[in-house]
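1. Sharing a model prediction with you, sequence too.
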Amino acid sequence: MAADVSVIMPVYNGAKTVERALDSVFAQSVAPCEVIAVDDVSTDDTRAVLDAYAPRGLTVLRADRNGGAGAARNRGAAAARGTYLAFIDADDQWHPNKLELQLAGLADAGPTVQASCTGYRLVTPLRNEEIRYIDMPAEIGIEELAGGCAVSPGSTLLVSRACFAMVGPFDPTLRRYEDWDWLLRYARGYRLRLERAALATVFDDRTGHASALLSLRGIARKHRASRTFPSATSRLKFESHLLLEKGAICHRAGRHLEAVLWTAASLAVYPSRLARTWASVNRAFGDFTF
């Protein structure tokens with residue numbers, strides 16, 4: 001059984017993990033019509049690993065310079081021919097029925113739902129837990145996404161290619177948070193379906209503090225200027241989550257006092273976050289241990 005889905009995988013120095021990711025794509029209960037890997041100028045053995053999948057139908061595109069995950073996804077999307085685009089990072093893994101369940105969910109959704117994300121298992125150096133959106137509705141919009149991006153669209157997003165073209169590509173100037181930025185733009189005109197089952201495993205080593213801070217400033221400027229948020233509540237959620245993310249970055253960099261101060265500031269901006277403070281902190285900080 002085949003599906004009209006193009007799978008796009010950015011990869012940079014992923015020789016140790018890309019086989020796991022590709023094997024999970026080729027093991028789907030509904031096979032995608034094409035699988036595209038975009039090699040973002042890897043310097044390890046990634047090229048040889050990717051070439052070994054050519055007999056299985058893998059298409060490999062090679063970037064001229066390292067542009068980051070967003071730019072690599074954009075190149076893959078531009079080359080894709082499927083009705084739907086599905087994204088997976090080279091260090092993550094899909095469960096066998098991921099595409100099948102997402103396609104079925106979109107088929108049952110209304111016209112304003114052109115994309116879906118799934119629950120997932122999050123694996124960090126110290127944690128292993130399922131994220132399943134139990135406390136969220138089956139469809140979410142800008143009000144929910146303003147408060148952060150917990151849906152891991154880098155490896156769970158499935159979107160119609162026509163809608164992706166309407167929303168526009170990932171912002172290549174953002175080396176982090178480019179997926180949250182894309183979802184915020186998507187949510188201006190569409191709603192996002194959530195499949196609660198954990199249909200992917202996301203491995204996160206929580207590195208790249210400097211690029212994360214730069215990207216956080218970039219996404220803040222961009223969405224403040226564009227007036228993305230339709231209500232005062234959504235604007236407060238956004239500002240609160242920016243501060244929480246800043247605290248998380250400081251914590252991962254070992255600046256624990258700053259982390260506490262930014263977290264306190266986040267709660268001051270949007271006190272209603274207190275109802276789910278520890279869940280938010282744990283997700284953003286990775287492992288909240290001072």
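-> Yep, that arrived.
2. Only alpha carbons, please: show stretch 249-265 as PDB.
-> Written as PDB, here are the backbone C-alpha positions of stretch 249-265 (Å, rounded to 0.1, in the frame of the first residue of the first chain):
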ATOM      1  CA  ILE A 249      18.800  28.000  27.400                       C
ATOM      2  CA  CYS A 250      20.600  29.500  30.500                       C
ATOM      3  CA  HIS A 251      19.900  26.300  32.500                       C
ATOM      4  CA  ARG A 252      21.500  24.100  29.800                       C
ATOM      5  CA  ALA A 253      24.500  26.400  29.600                       C
ATOM      6  CA  GLY A 254      25.000  26.000  33.400                       C
ATOM      7  CA  ARG A 255      23.800  29.500  34.300                       C
ATOM      8  CA  HIS A 256      21.200  28.300  36.800                       C
ATOM      9  CA  LEU A 257      20.500  31.500  38.700                       C
ATOM     10  CA  GLU A 258      19.700  33.300  35.400                       C
ATOM     11  CA  ALA A 259      17.400  30.400  34.600                       C
ATOM     12  CA  VAL A 260      15.400  30.800  37.800                       C
ATOM     13  CA  LEU A 261      15.100  34.600  37.200                       C
ATOM     14  CA  TRP A 262      13.900  34.200  33.600                       C
ATOM     15  CA  THR A 263      11.400  31.500  34.700                       C
ATOM     16  CA  ALA A 264      10.100  33.800  37.400                       C
ATOM     17  CA  ALA A 265       9.700  36.600  34.800                       C
END
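3. Can you mark which positions in that stretch are buried?
-> Across stretch 249-265, burial judged by 16 or more other CB atoms under 10 Å covers I249, C250, H251, R252, A259, W262, T263, A265. Every C-beta, even on glycine, is put in place using the N, C-alpha and C of the backbone.
4. Average pLDDT for that stretch, rounded please.
-> Averaging pLDDT along stretch 249-265 gives 89.
5. what about R81, how many neighbours?
-> Residues near R81, counting by other CB atoms under 10 Å, number 10.
6. if we take the buried residues of stretch 249-265, which one ends up nearest to E19?
-> R252 (27.9 Å; CB to CB).
7. I figured that closest one was touching H209, is that so?
-> Yes - contact criterion CB atoms under 8 Å: R252 and H209 qualify, at 6.0 Å.
8. Read off the pLDDT value for R273.
-> Reported pLDDT for R273: 66.
9. same check, this time on the one 3 residues further on
-> According to the prediction, R276 has pLDDT 56.
10. Over to T289?
-> 35.
11. how about stretch 160-177: buried residues?
-> Neighbour-count burial for stretch 160-177 flags 160-161, 163-164, 167, 169-177 (criterion: 16+ other CB under 10 Å).
12. what's it in contact with?
-> Stretch 160-177 has contacts (CB atoms under 8 Å, 6 or more residues apart in numbering) with 6, 67-71, 73-74, 77, 80, 82-85, 106, 114-115, 149, 178-179, 181-182, 185-186, 189-190, 208, 211-212, 214-216, 218-219, 222, 245.
13. Quick check: which ranges of this structure have low pLDDT?
-> For the chain, residues meeting the criterion pLDDT under 70 lie at 1, 206-208, 273-290.
14. got the buried residues for the helix or strand A86 falls within?
-> Using DSSP states H and E, A86 sits in strand 84-87. Using 16+ other CB under 10 Å as the test for burial, strand 84-87 gives Y84, L85, A86, F87.
15. So in that sheet, which strands flank it, and in what orientation?
-> Partners of strand 84-87 in the sheet, by DSSP bridges, are strand 2-11 (parallel), strand 158-160 (antiparallel).
16. List just the one of those that sits closest to V202.
-> Nearest of the strands paired with strand 84-87 to V202, taken as CB to CB: strand 2-11 at 13.7 Å.
17. so what secondary structure elements neighbour the helix or strand just after the closest one?
-> Next helix or strand after strand 2-11 toward the C-terminus (DSSP H and E): helix 18-26. Packing partners of helix 18-26 (3 or more CB pairs under 8 Å, 6 or more residues apart in numbering; DSSP states H and E): strand 2-11, strand 31-39, helix 46-51, strand 93-94.
18. hmm, who's touching the third one?
-> Going back to what we said before, that points to helix 46-51. V11, Y12, N13, G14, A15, V18, E19, A37, D39, L58, V60, R62.
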